[in-house]
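Student: Fold the following.
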Amino acid sequence: MKLLILLLLVSCAGIQKTIPIKPEFDAESFELFKSRSNLPWVHELQEAANCVIKKESFAHSVREVTGFTYSDKSGVVVYEDLTDSRTCTISTYKTKWYSPFKYVVMATTWPSDKEKLYLNLRVNPRPMPDMIETVIHECLHLKGYSHGDNSRIGKENSVNYKVGALAKKNSDGCY
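Tutor: Sure thing, here's the model as predicted:
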C-alpha cells in the first residue's frame, strides 16, 4: 500500500500546471455579434467585429495577456469567455440631449439585459476601428467583466479596455 501511494505521489510530481485552452471554435460558423438594426453601418460593424474575433492575431494577443486589473483571470480565460456560445446583440438608442462640453456615453449595457449592448446614435457612427473597440468592450460587460466606475482614467489594463484596444489594433482587413 505504501509503495502504491509513493508511486502515485511520484507520478503526480511530474505533472506541470497548465492552463487548458478550449478547443478552437468553428470560425466559419461562429458569430459573437448579432443585430436586428436596419442601419447599414450597424450591419457593417457586426460583420467587422465578428471578423476581428475570428482572427488568430487577435486570439493570440488576448491569450498572451498574463494579468488584468479588476480581474484575476488570464487572457486565455478571457478569450474563452469572449468566444463562448452567448451572443452580444448590437442595438442603438438616442439620448435626449447632446452637448459638446459634457461627457456623452458612446455605448452602454443595462444590468437587466444580459444580451444587448446599446450604441448611442448621438455619437455613432464613428470610425470603424473605434466602434469595434467599443462593441468588444461592451460585450465583455455582458460577459461579466467590469472596470469599476465609468471613468477611463487608469483603466487601460482592465479586461474591457485592454481587450477592446487589442481588437482595435487587430481590426485591419475586417472593414
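
Student: Am I right that A165 falls within a strand?
Tutor: No. Per DSSP: H, G, I helix; E, B strand; the rest coil, A165 lies outside any strand segment and is helix.

Student: right, and the helix or strand after the helix or strand bottoming out on mean pLDDT in the chain?
Tutor: The least trusted helix or strand in the chain, going by mean pLDDT, DSSP states H and E, turns out to be helix 2-13, with a mean of 46. For helix 2-13, the succeeding helix or strand toward the C-terminus, using DSSP states H and E, is strand 33-35.

Student: neighbouring contacts of that following strand?
Tutor: 42-43, 45-46, 49-50, 53, 87-91, 135, 139 (C-beta atoms under 8 Å, 6 or more residues apart in numbering). For every residue, glycine as well, the C-beta is placed using N, CA and C.

Student: wouldn't S74 be in contact with V62 here?
Tutor: No. No contact is recorded between S74 and V62 when judged using C-beta atoms under 8 Å, the distance being 9.8 Å.

Student: so how many other residues sit close to V52?
Tutor: A total of 27 residues lie near V52 under the criterion other C-beta atoms under 10 Å.

Student: And for R122?
Tutor: The burial metric for R122, expressed as a neighbour count using other C-beta under 10 Å, is 15.

Student: Surely it touches Y103?
Tutor: No. Taking contacts as C-beta under 8 Å, R122 lies outside contact range of Y103: 11.9 Å.

Student: What about the contacts of strand 33-35, which one has the most neighbours?
Tutor: For those, the largest number of neighbours (other C-beta under 10 Å) sits with A49, at 28 neighbours.

Student: downstream neighbour of the one helix or strand it maps to in the secondary structure list?
Tutor: A49 belongs to helix 40-54 when assigned by DSSP H and E. Tracing the chain past helix 40-54, the next element assigned as helix or strand by DSSP H and E is helix 56-63.
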